[in-house]
Each structure stands twice: as C-alpha cells, then as structure tokens.
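Student: sequence and predicted structure, then a few things I'm wondering about:
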Amino acid sequence: MVEKLGNSVSNSVNFHDAAINLLGWWESNGVSVIEPVEDIKTNREPPKAKLTPSLPIANLNVSQNIANPKDAIAKAEEIVARCTSLESLRAALDAFDGCALKPKATQMVFADGALDAPIMAIGEAPGRDEDEQGKPFVGVSGQLLDRMFASIGLDRKTNLYITNCVNWRPPGNRTPTKEETTILFPFLQKHIELKNPKAIILVGAVAANTVLNSSDGINKLRKKAHVYKLPDGSEIPVYCIFHPSYLLKRPIEKSGAWKDLLNIKRQIKHIFG
C-alpha cells in the first residue's frame, strides 16, 4: 500500500521540473539562487559548501552589494561634477557601478521627450516595460500618464521631458529603497541642472520625497506649490501629482488628480504665453 502510494505521488508530481520552475520565478524577481542551477537541472549532487546565515525574506531585494553607500554617493558626486551636457551625464550614469540595481536590470533608463521642453516630469523608477524598451513611463501606467498630461496640453514630442529618480528597474517592480534614491540623487540633481526646466512635475511620493527632501505623504505635498533651487540660486516651481499606478489601483482618486492637473495648467500658463 505504501509503495503504491509512493509511486502514485511520484508519477503525478514532477518535483525536478517544479524545482526548476521555482528557481526561474526566484531569479525573475531578483532573488539570488543559492545552489548552482546547473547542478539541479542535471540532477547532479551539488558540491557541499559552508552554510552562511540567510538574510531575512523582507531584505532579499534590498541593495546588498554596496560595501559603503557613502563611498558610492561620493563617487557619484565626483562623476557628475565633470558632466557638462545631458549626453555626457547619460554616458556617465550608464558606466556607474555604485547602484546594486544595475546588474539585475536589462538596461539603464535615462529619459524621454523633447530636449528643449520647458516642463520636466520626474517619476519613481522603471518597471518591466521601461526596462525592456529603455524609456520611462511606457507601460500601462505610462500610457495613463500620457493621457493625463495631454489633457493639459503637454506631450513628449513638443513640450515635455520625462525621467526618473532611479534609472534601473528594482526587481519585481518594488519601490526603490532610500539608499538607492540617495546614491543616484547626485545624477538627478545634475540632470535637473543641465535640463534647467521652467517647471518640474513630481510624479508620485518617491519622486516628491526625493527631490523635495521631505517625508510628507503625497496627499499633503500635492496640495501646495514648492520650489527647487539650482546651484546658482535660481528657483524652479515644483508641483506634485499622484503616480498613475496609484490611480489605476484607486480610481476614486482620479477626481483629485484632475484638479491637480488643472491647477498646474493655470500655474504654467505663462510659460507658453
């Protein structure tokens, strides 16, 4: 009876294939595989290794490869000081190895839109579609954002330029960590300085908190105007809006988002004459 039951279980479940599928899911979500995959795939006994303490599950996707984040920030500041154009900044960022997200991403996502656009929008980080195409806000959330901006006369082909706080996709589309946004902030500061827009729109809480150096929630930040100071002392008006992914999850907030857009339209009307 036991033998029959054992045969029935082994025939109905292919544990080897299940293990491979599970490994693939882990890898696609940014989790490092501890055992050598090839050993599992070929049914060979993997070599025994010393056990090391495992990280808590909650920390598996958090930056772990930066020995000293302060050094990474210092290196970023040193690099951007030599950048004199958007092209040189893009090349410098692409070569930067101080962010642990880079090896897990398909490519760096720099910006999209009209280079001479007076309005600069800044979002959070690339998602799966952005990681594949190399442009910010091109997935479902990006399509909604395009419609939102189009409703107030903004589009990437003529008067809008879009980038993100973080330029590599966080595994599993998770929210970027404070460490990741801080390490890459010197690049964003230089990006704003070189672009020198007439107004900035911060899309979502991460962008708002990063650029404004604030811990307030997006509901509070979106209800008032802010300014961003350039190194020369000049100020750029800043406005905050809900992230489109949040609106897709909570459509009830779309009426508030529409009011925010109309307010921005009134505020930036003078830019377009």
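Tutor: Arrived safely. In this text the structure is predicted, and so the values were computed from the model without any measurement.

Student: so residue 136 sits right up against residue 165, yeah?
Tutor: No: with contact defined as C-beta atoms under 8 Å, residue 136 does not count as touching residue 165 (10.4 Å). For glycine as for every other residue, the C-beta is placed from the backbone atoms N, C-alpha and C.

Student: overlap of the contact sets of the two?
Tutor: residue 123 (C-beta atoms under 8 Å, 6 or more residues apart in numbering).

Student: centre of the chain versus stretch 212-226, how much separation?
Tutor: Its chain's C-alpha centre and that of stretch 212-226 lie 19 Å apart, by C-alpha atoms, centre = their mean, to the nearest Å.

Student: tell me the mean pLDDT for it?
Tutor: Averaged across stretch 212-226, pLDDT comes to 96.

Student: the residue lying closest to residue 176 once chain neighbours are set aside: neighbouring residues, count only.
Tutor: Residue nearest to residue 176 in three dimensions, not counting chain neighbours: residue 166, with 4.4 Å by C-beta to C-beta, 6 or more residues apart in numbering. When neighbours are defined as other C-beta atoms under 10 Å, residue 166 has 27 of them.

Student: tell me the confidence at residue 166?
Tutor: At residue 166, the model reports a pLDDT of 98.

Student: need the contact list for it.
Tutor: So, once contact is read as C-beta under 8 Å, 6+ apart, residue 166 ends up touching 99, 101, 124, 125, 126, 176, 180, 181, 184.

Student: quick check: the farthest pair among these?
Tutor: 99 and 124 (14.5 Å; C-beta to C-beta).

Student: need the contacts of residue 166 in a markdown table with neighbour count, distance to residue 263 and pLDDT, can you?
Tutor: Below are the contacts of residue 166 laid out as a markdown table (neighbours: other C-beta atoms under 10 Å; distance: C-beta to C-beta, whole Å; pLDDT from 0 to 100):
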| residue | neighbour count | distance to residue 263 | pLDDT |
| --- | --- | --- | --- |
| 99 | 26 | 34 | 96 |
| 101 | 24 | 34 | 97 |
| 124 | 26 | 22 | 98 |
| 125 | 27 | 26 | 98 |
| 126 | 30 | 28 | 98 |
| 176 | 24 | 27 | 97 |
| 180 | 26 | 31 | 97 |
| 181 | 22 | 26 | 98 |
| 184 | 27 | 29 | 98 |
